[in-house]
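*Asks:* got a sequence here, can you build the structure:
(one chain, ligands or ions: 2)
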Amino acid sequence: MILEKYEWTVSGMDCASCASKITKAVERLPGVGTVNVSIMSEKLKVDLDEDVGNPEAIERTIKKLGYGVTRQRQVGSDIVENAEAYSEDQDHDEHSDSPRHSHDKPEDRGKSWYQTAKGQLVIGTGLLLAIAWVVELSAGAELGKWGFVAACLIGLIPVARRAFAALATGQFFTIEMLMTIAATGALFIDAAEEAALVVFLFAVGELLEGVAANKARDGIRALAQLVPKTALLEIDGTTKEVPVAALKIGEIVLVRPGDRVPADGEIISGFGGLDESPVTGESIPVAKEPGDEVFAGSINTDAALRITVAKTAQDNTISRIIQLVEEAESARAPTERFIDRFSRWYMPAIVIASALVVVIPPLVFGEAWDTWIYRGLALLLIGCPCALVISVPASIASALSSGAKKGLLFKGGAVIEAAAKTEQIAFDKTGTLTYGRPAVTDIVKLGDYTNDAILEIAAGVEAGSSHPLATAILKKAESENVSIPHSSGSKALMGKGVEAIVNGTHAWVTSPKYAFSNKVIDDEVMEIAASHERDGKTVVVVYRKNEPLGLIAMRDEPRKDAADAIAQIKELGITPIILTGDNERTAAAIAGGLGMEFRAGMLPKDKLEHIGTLNLAGSVMMIGDGINDAPALKQAAVGVAMGSGTDVALETADAAILRDRVTDIPAMIRMSRATMANIRQNVAIALGLKAVFLVTTVLGMTGLWIAILADTGATVLVTINALRLLGYNPSKNDAN
Ligand SMILES: Nc1ncnc2c1ncn2[C@@H]1O[C@H](COP(=O)(O)OP(=O)(O)OP(=O)(O)O)[C@@H](O)[C@H]1O
Ligand SMILES: [Zn+2]
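*Replies:* Numbering: from 1, shown residues only. Ligands and ions are numbered 1, 2, ... in the order given. Here you go, the predicted structure:
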């Protein structure tokens, strides 16, 4: 059995209950494996066994439920769009030209609300309702009543149709079904006017929900629009405008001043400042020259650049960021899962309660049937869980896209929730608190070799290493015009150093501690090393078998905002700590300067273990550069990779900070706490309003239309509240 991956764009989904309705309906179809629905990106992904099932059946089901659906087919690396999926039955789906559909069809973009099907339903019902009122006033109640019945039916039929489509997939408890029963019931007990009003308000609510959901998606769509659609491709000395999707790796494109870079690539000629804010959130232009990497979406601020394309449109860093944010939805917050479970029993419970309200007072206490049927129907509408189910995902969606714009990536609600609970933050030293670019400061002779000779051998050993210390030594060798000798058999001694065969002789570059334990250096040399280490430098010993040649001291500067960041973290009530492989004294010098705790001399496995221990005392966030600390990042409650748009950073961790600012760590904490506060407000609004109107409905203080107004009102309130997160500024000192 081979499962084919299918993907559709589904329009008209406004809340989590829409997603679960579609999931359940599709899961029942033959041949369907994993089903994944994303409201934010309006995507449906299905693993389908084509021997048993077929994609058309899936499309028909979705259309019947009342959503628009467009199939996307993967061809190579390009997504090719099929024509609007074919629908067998005549009933045109009322969502297919909602404004959100503009996601796929640019020509639809900018449609006003009244041009959409939902909008027209609101106008239609509203007009009939108004006419009915006029008729009632002028021609009497009897004739007016028929106007209300007409208004009610016009609005109700599409809803009822969706309710029965869901029923056909085994789902009885849907919002549409509650609406249908309540409105039909109201017609039967001669409350046509209220039934029409209820249907009208429901349509208004749906329209507003659609607008709100669309607004939440805008953030992400805006990111996608930062990449230009066309590029100036260089062919045979001239340039030609081509679609960005058609660019191939290795092709050369021209980027004029003021243009956006069309693809990730490398500058081959030209010097200029690049505003990388779309990718990293950092808007101060970065000076770049030939050989430097550029990201798609960045703005070329001053001079023309020629760039070789390094990635196809789909693999660009910014496309991957967008994809991550879209996928982040599926990693759902525990609170969200709780709300989902809650609403699963909430709807049936309300239905049962309504039934009891209808039956018990008349039967047991001899009350009037009319009154209690009316109250029961109103109670049914209280059962609409829309506000509740949308409360958490709306906040999360806003937070995800708001964060992404500022270079703070969370891979899902679960990560946001965990980040908000952080009590300790563990930093890897190199590359996070420091720039990660150590430079050689001193070379100390231990024998007869000159500084250049020491550097030469050290460079030979380090040639095979990509450690920051190796980079520092190789760079120094280059600037001193020392030729790098031939070496072979390079071997990393994890957390200790490197060895290799240089010019036919075995040579080592290691930590003083390791050299000492192998009796290569004595106490006296250890003391020389220590004196440098107390200045915050890292010292390595260059030696051959039992023959120390020299010491090389290197210094890696703390980032300029590191002290500020640590202070902010403490202000937030969180304990920061450095976990480093470097030695005690160097670590103490750096940590002391920043005012924080440290643990030094840690091997990668020690870091892992220590995070485990810390986790017992309170939730730990680990910050790493994402390169060699992936296991430690995994071990922490929240692993955060830091580094401007680096490849690894995006994939390895739970969260990532895209611009090189340590102050973005406290910003990330603030963002997650603000999101959780927002979620708590939303749940309180949704549950609170339900509780209030549940009571007033049973007591007969409020009726049918108030019940539905309470639900749509709450939905709108909750959504507006969530959207406030889009404008939230988590940084303490700067404007963005
Ligand atoms: N390529 C290398 N050349 C020389 N010394 C090395 C090398 N790799 C590691 N060492 C020695 O091992 C020590 C620990 O290295 P490790 O890579 O575990 O930590 P680090 O990355 O330098 O620091 P941090 O843990 O803060 O990021 C270094 O301080 C150095 O003394
Ligand atoms: Zn919905």
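*Asks:* could you report the pLDDT at whichever residue of the stretch 251-400 of the chain sits closest to ligand 1?
*Replies:* Nearest residue of the stretch 251-400 of the chain to ligand 1 (Cβ to the nearest ligand atom) works out as residue 280 at 21.6 Å. The way it works is simple: take the backbone N, C-alpha and C, and place the C-beta from them, glycine included. If you check residue 280, the pLDDT there is 76.
*Asks:* swap in the one 4 residues further on?
*Replies:* At residue 284 the predicted local confidence, pLDDT, stands at 79.
*Asks:* so which strand or helix has residue 490?
*Replies:* strand 487-493 (DSSP states H and E).
*Asks:* does anything pack onto that strand? Which helices or strands?
*Replies:* Packing partners of strand 487-493 (3 or more Cβ pairs under 8 Å, 6 or more residues apart in numbering; DSSP states H and E): helix 451-462, strand 497-502.
*Asks:* report the buried residues of the first one.
*Replies:* Put plainly, it is helix 451-462. 451, 453, 454, 455, 456, 457, 458, 459, 460, 461, 462 (16 or more other Cβ atoms under 10 Å).
*Asks:* so how many other residues sit close to the residue of the stretch 251-400 of the chain closest to ligand 1?
*Replies:* 24 (other Cβ atoms under 10 Å).
*Asks:* was I right to think it contacts residue 407?
*Replies:* Yes - the criterion here is Cβ atoms under 8 Å, and residue 280 meets it with residue 407 at 4.9 Å.
*Asks:* can you check which residues contact both of the two?
*Replies:* 658, 659 (Cβ atoms under 8 Å, 6 or more residues apart in numbering).
*Asks:* my read is that residue 711 contacts residue 390, right?
*Replies:* No - here residue 711 does not reach residue 390: they are 10.8 Å apart, not a contact under Cβ under 8 Å.
*Asks:* who's more crowded, those two?
*Replies:* Ranked by neighbour count (other Cβ under 10 Å), residue 711 and residue 390 place residue 390 first, with 30 against 27.
*Asks:* how about the strand or helix carrying the more buried one, does it get close to ligand 2?
*Replies:* Assigned by DSSP H and E, residue 390 belongs to helix 386-405. No - against ligand 2, helix 386-405 shows no contacts by Cβ under 5 Å from the ion, the least distance being 5.7 Å.
*Asks:* residue of the stretch 551-700 of the chain closest to ligand 2, please.
*Replies:* residue 686 (13.7 Å; Cβ to the ion).
*Asks:* that residue and residue 382 touch, don't they?
*Replies:* No - the pair residue 686 / residue 382 is not scored as a contact, 11.9 Å apart, by Cβ under 8 Å.
*Asks:* higher neighbour count, these two?
*Replies:* With neighbours defined as other Cβ under 10 Å, residue 686 and residue 382 compare such that residue 382 has more, 29 against 25.
*Asks:* do you know how far residue 704 is from residue 379?
*Replies:* 10 Å (Cβ to Cβ, to the nearest Å).
*Asks:* I'd guessed residue 717 sits against residue 685; true?
*Replies:* Yes - using Cβ under 8 Å, residue 717 is in contact with residue 685, at 5.5 Å.
*Asks:* contact residues of the stretch 51-200 of the chain facing ligand 1?
*Replies:* Contact residues (Cβ under 6 Å from any ligand atom) of the stretch 51-200 of the chain with ligand 1: there are none.
*Asks:* three-state assignment of the residue nearest the centre of the chain?
*Replies:* Nearest residue to the geometric centre of the chain (Cα atoms, centre = their mean): residue 325, 2.9 Å. Here residue 325 is helix, with the state taken from DSSP: H, G, I helix; E, B strand; the rest coil.
*Asks:* following the helix-or-strand element of the chain with minimal mean pLDDT, which helix or strand shows up next?
*Replies:* When each helix and strand of the chain is scored by mean pLDDT, DSSP states H and E, strand 78-81 comes last, with a mean of 40. Downstream of strand 78-81, the first helix or strand assigned by DSSP H and E is helix 117-139.
*Asks:* centre of the chain to the helix or strand following that following helix, how far?
*Replies:* Next helix or strand after helix 117-139 toward the C-terminus (DSSP H and E): helix 141-168. Distance, stretch centre to chain centre, for helix 141-168: 40 Å (Cα atoms, centre = their mean, to the nearest Å).
*Asks:* what is helix 141-168 packed up against?
*Replies:* helix 55-64, helix 117-139, helix 175-188, helix 192-224.
*Asks:* switch the helices and strands packed on strand 487-493 over to CSV; also include mean pLDDT and distance to residue 578.
*Replies:* Formatted as CSV, these follow (pLDDT from 0 to 100; distance: least, Cβ to Cβ, whole Å):
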stretch, mean pLDDT, distance to residue 578
helix 451-462, 95, 24
strand 497-502, 94, 21
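*Asks:* looking at those, which is closest to residue 305?
*Replies:* helix 451-462 (32.8 Å; Cβ to Cβ).
*Asks:* what's the angle between that closest one and strand 497-502?
*Replies:* 100 degrees (axes from the mean of the first three to the mean of the last three Cα atoms, to 10 degrees).
*Asks:* coming back round to it: so the residue nearest to the centre of the chain touches residue 400, yeah?
*Replies:* Yes - between residue 325 and residue 400 there is a contact under Cβ under 8 Å: 5.2 Å.
*Asks:* how much space between the residue nearest to the centre of the chain and ligand 2?
*Replies:* 22 Å (Cβ to the ion, to the nearest Å).
*Asks:* what's the domain layout of this protein?
*Replies:* 3-111, 117-221+327-396+674-727, 230-315, 414-433+560-672, 439-555 (automatic domain parsing).
*Asks:* mind listing the strands for the stretch 451-600 of the chain?
*Replies:* Counting by DSSP state E, counting those that start in this stretch, one finds strands in the stretch 451-600 of the chain at the ranges 487-493, 497-502, 505-510, 538-544, 547-555, 575-579, 597-599.
*Asks:* hey, which of the ones you listed is tucked in deepest?
*Replies:* strand 538-544 (a mean of 27; mean count of other Cβ atoms under 10 Å).
*Asks:* now do it: which elements does it pack against?
*Replies:* helix 451-462, helix 468-479, strand 505-510, helix 512-517, helix 523-533, strand 547-555.
*Asks:* quick one, what contacts the residue in the chain that ligand 1 sits nearest to?
*Replies:* In the chain, the residue that lies nearest ligand 1 is residue 581 (2.3 Å; Cβ to the nearest ligand atom). Contact analysis of residue 581 by Cβ under 8 Å, 6+ apart lists 495, 601, 602, 603, 604, 607.
*Asks:* do you know how far residue 448 is from residue 507?
*Replies:* Distance from residue 448 to residue 507, by Cβ to Cβ: 16 Å.
*Asks:* up against ligand 2, what does the stretch 501-650 of the chain have?
*Replies:* Close to ligand 2, as judged by Cβ under 5 Å from the ion, the stretch 501-650 of the chain has no residues.
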